[in-house]
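**Q** I would like the atomic coordinates for the input below:
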Amino acid sequence: MAESVRRVLGKPGSVDVRRYTKLLKAVGERETALRELSDAELTERAAELGNAEGPYDRTDLAELCAVGREAARRALGERPFDVQLVGVMALLDGHVAEMATGEGKTLAGALAAAGFALRGRRVHVLSVNDYLARRDAEWMRPLYDLLGVAVAWIGQESTREERAVAYTADITYASVSELGFDVLRDRLVTDAGDRVVAEPDVALIDEADSVLVDEARVPLVLAGAAEAAEADLEMAELVRRLRPKIHYEVDGEGRNVQLTESGIDLVERELGGIDLYSEEDTSVLPRVNLALHAHALLQRDVHYVVRDGEVRLINESRGRIALLQRWPDGLQAAVEAKEKVAVSETGEIFDSITVQALVLRYPTRCGMTGTAMAVAEQLREFYELEVAVVPPNKPCVRVDEEDRLYATPEDKEDALIEEVGTVHATGRPILIGTQDVAESERLAKRLADAGLECVVLNAKNDADEAAVIAEAGTYGAITVSTQMAGRGTDIRLGGSDMADRERVVETGGLYVMGYGRYPSSRLDDQLRGRAGRQGDPGSSIFFVSVEDELIAANAPEARHADVTAEGEITDSAWRATVDHAQRVAEGQLLELHRNTWRYNQLIDVQRGVVLEYRQFVLADGLGDRQLAVDCAEKHAELVEAVGEEEVARAAKLITLYHLDRGWTDHNAFLADLREGIHLRFLGRRNPLDEFNRDAVPAFTGFLEEARARAAETFEALEPQDGRLDVEVAGVKRPHTTWTYMVHEHPFSTEFESVVGRVKNVLGQR
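**A** Prediction:
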């Protein structure tokens, strides 16, 4: 009934899957006949489906699913369930298919990708990391071979030549970050033949909510060499001597820190009696603030780890090391100074792209995940995607128990340890989900002290992920993991041992324990979803303290209820408080996503203008034609000296250089503008309006200025040995570039949220 109402009202998640299930009978009727075909005949039948153009009609769609099912049975030894074929149909219609953990999303995605490829579409299957991209491409390769389509993959270690070849395949698997980095690198080529990424066509996104929502706030960046940064060891040592609540105060949400009067006096005295707020020298205060933020707000083994002498960020939504990810350079260097490690390479940003902008390049978008409905509104708002909820192959019999609420974290931890001991005595496998590395290691020590040995999976040993998860469902196993989103590996009861599986089933299946609720209900659900796979028995429970950061930060007005001697809170009203705190956190994340989108809308328009112009210069000789007009005499002189081809080459390089140099400078201006724009709220002005008001005129005349600078450089050219050396004239392309993801400054959005709250108050007056 609820789903019917959703469809009538056009609410997110209103895709009616009944039109797909009606085709399952026709799919089944073809099974016997297709089994009689040879492999070559089955491949030929798939090719015949690809002879038509456009979307599949009902007859062809049923045939595609039938052929795909038979191909999977032969090539992989897996016969897709009916519900997997429903997922295939939803993907081919351009939807996000919500399929529970263990329901076979990888195979459903592969069949849909093949379906697009057979119709001549080029497909990019985007995943959350390199490991899954390679694993899934290799895993599904026999299926693709039998269906007659070519597959390839790229990863962080892929060479330019390997990437160029991979992108020519019918289906290319890649992590979303690697694809984005390739797009950015292609934007800086000086020869059209050096580009590697094909024109965007179909994006099929695995773990769609993680990629499209969680990663959407993190820009991908292409940077180039600049002067090496230096560690600010002086400030790191100074703030290390400051004491909380005496010299500085951290706000209740742990998102901002500021010096007290006592702290200001101490810092000014230690720095030689300076005035921190002097207008004559404004460089000291930012240095102090960066060092203080690094010292007081960024915690080792929570926000980052130190591995091999380097500071490595931890991906908040997946609990893994965030490869190629860093904070804005000043904060990154401050953390490195705090940890006394070498300062990492820094440089100026040539260009960046958000995951949202990257995905929106594709005319056709679809995806799959186990938790799409929770972000259905965002998928519709930002990507024009609807969610199709695919029912499980077998009913889920997992028992989700009510949260257990405790007054303090200590009470919560004691109760969890006791529960683990009780359950472990039965041999039942246990999976404990924690928020960060520090929690996982502290719990592991507590468990060991209680005689309960466990295996830990966190950002420090994520290379062992597959092996750890493979054993997590075996008899008597205790596994402690930070985040389970995007792990990409199912927990099978008993592992590969069928006899052990029966023993585990008798104990009640996997028991999932959450050590606190996550900022998003999706992450809770992803943890719960590890139990009850494919109709297996299982259960889940969350242990929550009212002093957990989620509740303390988002429901600070809540008061302690009566507690038992063990510290447990039995007041049912507190459950509503916990749910409320989580909804507030989700609302903040949504607003952050919206803000990222709003600020990048104008930037994307301006970038589009530059890229279109650049394409004409790169492939259509625009630079040469313009310089022939702007520098007619010089152009004619150089043509006579070195020939038209050499002059055209030099004109192209010069024009591209000034176009790229101008965009780099404009990019830096926009970054600085964004960083300080919210202070204008104090003058009762809308920050976004103010940003656009300054960003638009700053771009006015951009192309004309690049053209004028190109002409100035062109005039300085002098032929030498039949060549034109553009470097002598000042055209120096970066010899070194690197890519990374700029993790949003973890505190920059706090002022925005404060502004929002103040604005609401002012609006009510």
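**Q** Surely Leu397 forms part of a strand?
**A** Not Leu; residue 397 is Val. No. Assigned with DSSP: H, G, I helix; E, B strand; the rest coil, Val397 falls outside any strand and is coil.
**Q** Next one, pLDDT for it please.
**A** Looking at Val397, its pLDDT reads 93.
**Q** Can you tell me how far it is from His658?
**A** Computed as CB to CB, to the nearest Å, the Val397 to His658 distance reads 65 Å. C-beta here means a position set from N, CA and C on the backbone, and glycine is covered the same way.
**Q** If you count surrounding residues, which of the two has more?
**A** His658 (23 against 12; other CB atoms under 10 Å).
**Q** measure that one to Ala710 for me?
**A** The gap separating His658 from Ala710 is 5 Å, by CB to CB.
**Q** again, but for Arg241
**A** 53 Å.
**Q** and the two? which has more neighbours close in?
**A** Using other CB under 10 Å, the more surrounded residue of Arg241 and Ala710 is Ala710, with 27 against 10.
**Q** element containing that one?
**A** Per DSSP states H and E, Ala710 falls inside helix 702-715.
**Q** Summarise which helices and strands the next helix or strand after that helix is packed against.
**A** Heading C-terminal from helix 702-715, the first helix or strand you meet, by DSSP H and E, is strand 719-720. Contact partners of strand 719-720 among helices and strands, from 3 or more CB pairs under 8 Å, 6 or more residues apart in numbering; DSSP states H and E: helix 632-642.
**Q** now for the helix it packs on, which elements pack on it?
**A** Counting contacts by 3+ CB pairs under 8 Å, 6+ apart, helix 632-642 is packed against helix 644-676, helix 702-715, strand 719-720, strand 723-724.
**Q** Mean confidence (pLDDT) on that helix, please.
**A** 95.
**Q** which other residues reach that helix?
**A** For helix 632-642, contacts defined as CB atoms under 8 Å, 6 or more residues apart in numbering pick out 627-628, 646-647, 650-651, 714-715, 717, 719, 722-724.
**Q** which of these are buried?
**A** 627-628, 646-647, 650-651, 714, 717, 719, 724 (16 or more other CB atoms under 10 Å).
**Q** Throw the contacts of helix 632-642 into a markdown table and include distance to Arg404 and pLDDT, thanks.
**A** What follows is the contacts of helix 632-642, written out as a markdown table (distance: CB to CB, whole Å; pLDDT from 0 to 100):
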| residue | distance to Arg404 | pLDDT |
| --- | --- | --- |
| Leu627 | 73 | 97 |
| Ala628 | 77 | 97 |
| Glu646 | 77 | 96 |
| Val647 | 77 | 97 |
| Ala650 | 72 | 97 |
| Ala651 | 72 | 97 |
| Phe714 | 73 | 96 |
| Glu715 | 77 | 95 |
| Leu717 | 76 | 94 |
| Pro719 | 81 | 93 |
| Gly722 | 81 | 88 |
| Arg723 | 76 | 93 |
| Leu724 | 75 | 94 |
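**Q** pretty sure Met338 contacts His295?
**A** One thing to correct before we go on: residue 338 is Lys, not Met. Yes. Contact status for Lys338 versus His295: in contact at 5.8 Å, counting by CB atoms under 8 Å.
**Q** what is in contact with these two at once?
**A** 236, 240.
**Q** Identify the residues contacting Val302.
**A** Per CB under 8 Å, 6+ apart, neighbours of Val302: 314, 436-438.
**Q** Checking it next. Helix, strand or coil?
**A** Using three-state DSSP, the secondary structure recorded for Val302 is coil.
**Q** any idea how far it lies from Val609?
**A** 42 Å.
**Q** distance of the spatially most central residue of the chain from Arg365?
**A** By CA atoms, centre = their mean, the chain has its centre lying nearest to Glu215, at 2.4 Å. Here Glu215 is placed at a distance of 15 Å from Arg365 (CB to CB).
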